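1. Next comes the sequence, and after it the predicted model I'd like to discuss.
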Amino acid sequence: MTSTLRAYRRLGVPTPTKRHVGLVLGAIVFVLPFIVEFDGLSEAGHRALSVFLLAIVLWVTEAIPLYATAALIILLMILLISDQALFALPASYEAPSYTEFYAALANPVLMLFLGGFFLADGAAKYKLDRSMASVLLRPFGASPRYIVLGLMLITAGFSMFMSNTATTATLMAVVLPVIAGLDIDDKLRVALALSIPIAANVGGIGTPVGTPPNAIALGGLGDAGISVSFVEWMVMAVPMVIVLLLFSWWLLMKLFPAKTDTVHLNITADFDRSRAAQIFYVTFAVTVLLWLTEPIHGIKSTIVGFLPVVILLATRVFSSKELRSVQWHILWLVAGGIALGLGVSSSGLDVWLIDLVSWDSVPGWLVAGLLAFTALVMSTVISNSAAANLLIPIGLTLALSGAVSLDPIQVGFFIAVGASLAMALPISTPPNAIAYSTGAVQTSDMARAGLVIGLVGLVLFVVVAPLLWSVVGVAGA
């Protein structure tokens, strides 16, 4: 490869980039199912396979933005396998309406996530997150060990309802002055810098709005007619989140022990008392309360999620500026995954892929573990949302087909968790990138802690958690 690149330079030809390679490879895999006939795969399945392979290449190489790939998937599914397909499909094929693919852009799960974005953006605008962090950190004193524990618990708590990237940026701003004031050889610098992204990644597993893979899993389950409430997800996730957080804290203290005896965080509570801020505080509290009490009042979490959108816009707490700043690209990425799942299932591609393997001799628990592990590996080097988009449709079909003994809720959950546990490299997640940018963390430090926490997390969620679920009666147990 090196000699090839040198040859390009000698000839004055621009060196091929990852983007160029992705575009060329994407074009090749897209055309392949149109010129190669695969036994047992329908015409619609061949077309869906083209889109599926193209999505894999574009999401892995990021030849075009992730959200652009999501939009492309919706368009191609409409043009190739919907009732408005440009090329005729066999009369026996029941083509889904093109409106079903467009409907992915307004899937109820997206409304749930949109509400989460509004709450996160409002918390940052009125500095609610920083002020609450000041209040919540006070009981942890000045001991380095307990300061790290406090930071991790607070970060994880915030990440359950806010973007883990925004949470990491907020809390990292709090600890950066402390890191700068420590001796260069004090390993507490590394522990402080790593504690926040690790806690943000783990905490995001705890609720449906914590991270995009959770929304993708819920969207796939919803399309299969399976509903999971906000509280049910938390019952499945939060106990293991707490255990994994405590293990992560212990590991960081072992790997990076503090040299100093005391740590002082320069952070003060300064709650905004303006009318707009008070409206936001009440809206935030009511939304979270309704999410947590869904089994009592019966209002779906996806409907509750739209509540802060309406209130904050109607009361002018959010203007058009804040509306434009919402992370719409994340919603488009989730929608693309939902549309991909619809295309894969309606065309029969999912069944064909599953039939390529003989599942009779494979235990269900092993399949679940492999799916979660695959999600972790893929998400280490590509977007965790992209990994979830690619794996969840196949995993859910495998569970629903009866080929192996798997509960579909558990499968969707395990894949989402595996994607969120990928935190071994700076490129694995935005929180990791933020921590690496501080200069206090080396890639080797992140890999040591991230790999161990990721693998221990898989064991906790895939092996230990189902035992708890069988006791409390969730996730099909």
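-> Yep, it's here. Since the model is a prediction, treat every value here as computed from it, not as a measurement.

2. next helix or strand past the longest helix along the chain?
-> Across the chain, the longest stretch assigned as helix under DSSP state H is helix 230-255. Using DSSP states H and E, the helix or strand that follows helix 230-255 towards the C-terminus is helix 275-292.

3. who touches the helix or strand that that next one is followed by?
-> Moving toward the C-terminus from helix 275-292, the next helix or strand (DSSP H and E) is helix 294-297. Helix 294-297 is contacted from outside by S229, F230, V231, L290, K300, S301, V304, using C-beta atoms under 8 Å, 6 or more residues apart in numbering. Every C-beta, even on glycine, is put in place using the N, C-alpha and C of the backbone.

4. The last one: neighbouring residues, count only.
-> Think V304. 23 (other C-beta atoms under 10 Å).

5. pLDDT score assigned to it?
-> V304 carries a pLDDT value of 93.

6. Find the nearest non-adjacent residue to it, please.
-> L290 (4.5 Å; C-beta to C-beta, 6 or more residues apart in numbering).

7. between the contacts of helix 294-297, which is nearest A27?
-> S301 (40.7 Å; C-beta to C-beta).

8. what sits against A166?
-> A120, D121, A123, A124, D129.

9. From what I see, the third one and T167 are in contact.
-> It stands for A123. No. Applying C-beta atoms under 8 Å as the test, A123 and T167 come out as separate, 9.1 Å apart.

10. shared neighbours of those two, which are they?
-> With C-beta under 8 Å, 6+ apart as the test, A123 and T167 both reach D129, F158.

11. out of the two, which sits in the busier spot?
-> For the pair A123 and T167, the greater number of neighbours falls to T167 (30 against 24), based on other C-beta under 10 Å.

12. any low-confidence regions in the stretch 251-400 of the chain?
-> 266-267, 269 (pLDDT under 70).

13. What separates the first and last residues of stretch 97-106, distance-wise?
-> Stretch 97-106 stretches 15 Å from its first residue to its last (C-alpha to C-alpha, to the nearest Å).

14. Which positions in that stretch come out as buried?
-> Y98, E100, F101, A104, L105 (16 or more other C-beta atoms under 10 Å).

15. I'd like the distance from that stretch to the chain centre, please.
-> 22 Å (C-alpha atoms, centre = their mean, to the nearest Å).

16. Need the residues that contact that stretch.
-> By C-beta under 8 Å, 6+ apart, stretch 97-106 touches 74, 77-78, 82-84, 331-332, 335-336, 338-339, 342-343.

17. just to revisit the earlier point, taking helix 275-292 as reference, get the angle to the longest helix of the chain.
-> Taking axes from the mean of the first three to the mean of the last three C-alpha atoms, to 10 degrees, helix 230-255 and helix 275-292 form an angle of 100 degrees between their directions.

18. quick one, domains of the chain?
-> Using automatic domain parsing, the domains assigned to the chain come out as 13-103, 179-265+357-477.

19. deepest of those, which one?
-> domain 179-265+357-477 (a mean of 21; mean count of other C-beta atoms under 10 Å).

20. give me the element the spatially closest residue to G222 that is not a sequence neighbour is part of.
-> Closest residue to G222 apart from its sequence neighbours, by C-beta to C-beta, 6+ apart: V109 at 6.3 Å. Taking DSSP H and E as the definition, one finds V109 inside helix 108-125.

21. will you turn the domains of the chain into a markdown table that also has distance to P308?
-> Shown next, in a markdown table, are these (distance: least, C-beta to C-beta, whole Å):
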| stretch | distance to P308 |
| --- | --- |
| domain 13-103 | 23 |
| domain 179-265+357-477 | 11 |
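
22. Now stretch 148-168 - C-alpha only, PDB.
-> Output of stretch 148-168 as PDB, limited to C-alpha atoms (Å, rounded to 0.1, in the frame of the first residue of the first chain):
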ATOM      1  CA  VAL A 148     -14.200  10.900  40.600                       C
ATOM      2  CA  LEU A 149     -17.100   8.800  41.900                       C
ATOM      3  CA  GLY A 150     -19.300  11.800  42.200                       C
ATOM      4  CA  LEU A 151     -18.400  13.000  38.700                       C
ATOM      5  CA  MET A 152     -19.200   9.600  37.200                       C
ATOM      6  CA  LEU A 153     -22.600   9.300  39.000                       C
ATOM      7  CA  ILE A 154     -23.700  12.800  38.000                       C
ATOM      8  CA  THR A 155     -22.500  12.400  34.400                       C
ATOM      9  CA  ALA A 156     -24.300   9.100  34.000                       C
ATOM     10  CA  GLY A 157     -27.500  10.600  35.500                       C
ATOM     11  CA  PHE A 158     -27.400  13.600  33.100                       C
ATOM     12  CA  SER A 159     -26.600  11.300  30.100                       C
ATOM     13  CA  MET A 160     -29.800   9.400  30.700                       C
ATOM     14  CA  PHE A 161     -31.800  12.400  29.700                       C
ATOM     15  CA  MET A 162     -29.300  14.600  27.800                       C
ATOM     16  CA  SER A 163     -26.900  14.100  24.900                       C
ATOM     17  CA  ASN A 164     -23.800  12.300  26.200                       C
ATOM     18  CA  THR A 165     -21.700  14.700  24.100                       C
ATOM     19  CA  ALA A 166     -23.300  17.800  25.700                       C
ATOM     20  CA  THR A 167     -23.000  16.200  29.100                       C
ATOM     21  CA  THR A 168     -19.300  15.400  28.600                       C
END
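
23. Neighbours of S347, how many?
-> The burial count for S347: 28, using other C-beta under 10 Å.

24. likewise R138?
-> 12.

25. For it, which three-state class applies?
-> helix (DSSP: H, G, I helix; E, B strand; the rest coil).

26. what's near enough to touch it?
-> Contacts of R138 by C-beta under 8 Å, 6+ apart: none found.
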